[in-house]
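Trainee: Provide a 3D model corresponding to the input given below.
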Amino acid sequence: MDQNGAIRILNKFGYEAQVIDGVLTVEIPSGNAAAFQQEFLRARFILEKGGFKGKVAAQEK
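Mentor: Residues are numbered from 1 along each chain as shown. Model (predicted):
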């Protein structure tokens, strides 16, 4: 799966994502640190199950 496919999958799950400097960046609403980390792990899990092998980062919305 390429980055565009990964963005489409994340959009289906309600996440906003973009590519910044070659890294797929998932925008996650700010909140407490535990909730932020949990959402990031969920997004990464979705991508891994979809076959995405690239770098993933999180950014507060």
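Trainee: drop to CA atoms for contacts and neighbour counts, all remaining ones
Mentor: OK.
Trainee: give me the most central residue, this structure.
Mentor: residue 26 (3.6 Å; C-alpha atoms, centre = their mean).
Trainee: leaving out chain neighbours, which residue sits closest to that one?
Mentor: residue 17 (4.4 Å; C-alpha to C-alpha, 6 or more residues apart in numbering).
Trainee: quick one: buried residues of stretch 24-34?
Mentor: Buried residues in stretch 24-34, counting neighbours by 16 or more other C-alpha atoms under 10 Å, are found at 24-28.
Trainee: alpha carbons only: can I get it in CSV?
Mentor: Provided in CSV are the C-alpha atoms of stretch 24-34 (Å, rounded to 0.1, in the frame of the first residue of the first chain):
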residue,chain,number,x,y,z
LEU,A,24,2.8,9.9,6.7
THR,A,25,1.5,12.2,9.5
VAL,A,26,-1.7,11.4,11.3
GLU,A,27,-3.5,14.4,12.9
ILE,A,28,-5.0,13.4,16.3
PRO,A,29,-7.1,15.7,18.5
SER,A,30,-5.1,16.9,21.5
GLY,A,31,-6.2,15.7,24.8
ASN,A,32,-4.5,13.9,27.6
ALA,A,33,-1.3,12.1,26.8
ALA,A,34,-2.8,8.6,27.2
